[in-house]
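Chemist: Just a sequence and a predicted model for now, questions to come.
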Amino acid sequence: MNRTPEQKLLEPAPGGKIAEAQKFGLDLSLIVENMRLSPEARVRKLQSAMMSFEKLKAEASKSSNTRR
Amino acid sequence: MIDIEKAIVALATESADFVLIGGVALSIHSAAYVTYDIDFCFSREKANLVKITRALSPFSPRPRNFPKELPFIWDVSTLGNGSVFKLDTSIGDIDLLSEVAGLGSYENVLSQSEKFEMFGVEIDVLSVAGLIAAKIAAGREKDLLGLTHLKAIQAAHSDSEL
């Protein structure tokens, strides 16, 4: 029986590219989570992640300047 | 940090011929991957250069790390005189390429793209297979993570799983 992309990612077949990616350290559930979104929602999620990283970077730089 | 929606809508509103490539394309294909810029492959047809120039003008593009004291003119002639532009704009970093490693010119890149609808416009996005070919050809260590995402996504959608 053919498995869905989600099933393939959540239960990777041994020896395949997906199992290899898991071994590499990818959290495959994040890809599954994205697959459930529309393409526009995926971009909005990326934009939000960018903003969080920027904020974190700014905070880290602020705290490093305060310590000096 | 790039404002993805503004960059895409600006080019699409001018009906420019472009294909979205790079990290944002990876995300559109479901990769859990974070990038800070946006990359487009563009057609070097004269009419298209006019459209791209007009679309990005409101964002005051300048080459990244270009000395502030030096003048830079963003026009059709500038765009026509180069094939790779790494731009700093008021909406973030935008890279424009007329060719992509492993794929070639805009026409070849377009033939390996898929249409997606978002933000009220329809755009061409480089396919998973196209992104894999480009990343392999680029041979950069920093692409390894993205490549691993892409191969997993490709395998998830293929019949063989291997």
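Modeler: Good, I have the coordinates.

Chemist: Sketch out the low-pLDDT regions of the chain for me.
Modeler: Reading this off chain A. Along chain A, the parts satisfying pLDDT under 70 run over A:1, A:67-68.

Chemist: sorry, should have said chain B
Modeler: For chain B, the stretches flagged by pLDDT under 70 are B:161-162.

Chemist: Could you rerun that using 80?
Modeler: Filtered on pLDDT under 80, chain B yields the residue ranges B:160-162.

Chemist: I'd like to know which residues of it are adjacent to chain A.
Modeler: Contact residues, chain B versus chain A (CB under 8 Å from any CB of the partner chain): B:1-5, B:24, B:27-28, B:30-36, B:116-119, B:148-149, B:151-157, B:159, B:161-162. Every residue, glycine included, has its C-beta placed from N, CA and C.

Chemist: Show me the residue at the heart of chain B, geometrically.
Modeler: Chain B has residue B:40 as the residue nearest its centroid, 2.0 Å off, counting by CA atoms, centre = their mean.

Chemist: Quick check on that residue: phi, psi?
Modeler: phi -130, psi 140 (degrees, to the nearest 10).

Chemist: That one is in contact with residue B:96, isn't it?
Modeler: Yes - if you go by CB atoms under 8 Å, residue B:40 and residue B:96 touch, sitting 5.5 Å apart.

Chemist: before we move on, back to that, list the ones among the residues of chain B next to chain A that fall in strands.
Modeler: Among those, the members found in strands (DSSP state E) are B:116, B:117, B:118.

Chemist: Next one: residue B:82 relative to residue A:34, how far apart?
Modeler: Distance of residue B:82 to residue A:34, computed by CB to CB, to the nearest Å: 34 Å.

Chemist: buried stuff in the longest helix belonging to chain A?
Modeler: Taking DSSP state H as the criterion, chain A has its longest helix at helix A:39-67. Within helix A:39-67, the residues that qualify as buried are A:39, A:40, A:42, A:43, A:44, A:45, A:46, A:47, A:50, counting by 16 or more other CB atoms under 10 Å in any protein chain shown.

Chemist: Tabulate those (CSV), appending distance to residue A:65.
Modeler: Converted to CSV, these look like this (distance: CB to CB, whole Å):
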residue, distance to residue A:65
A:39, 39
A:40, 38
A:42, 35
A:43, 33
A:44, 32
A:45, 31
A:46, 29
A:47, 27
A:50, 23
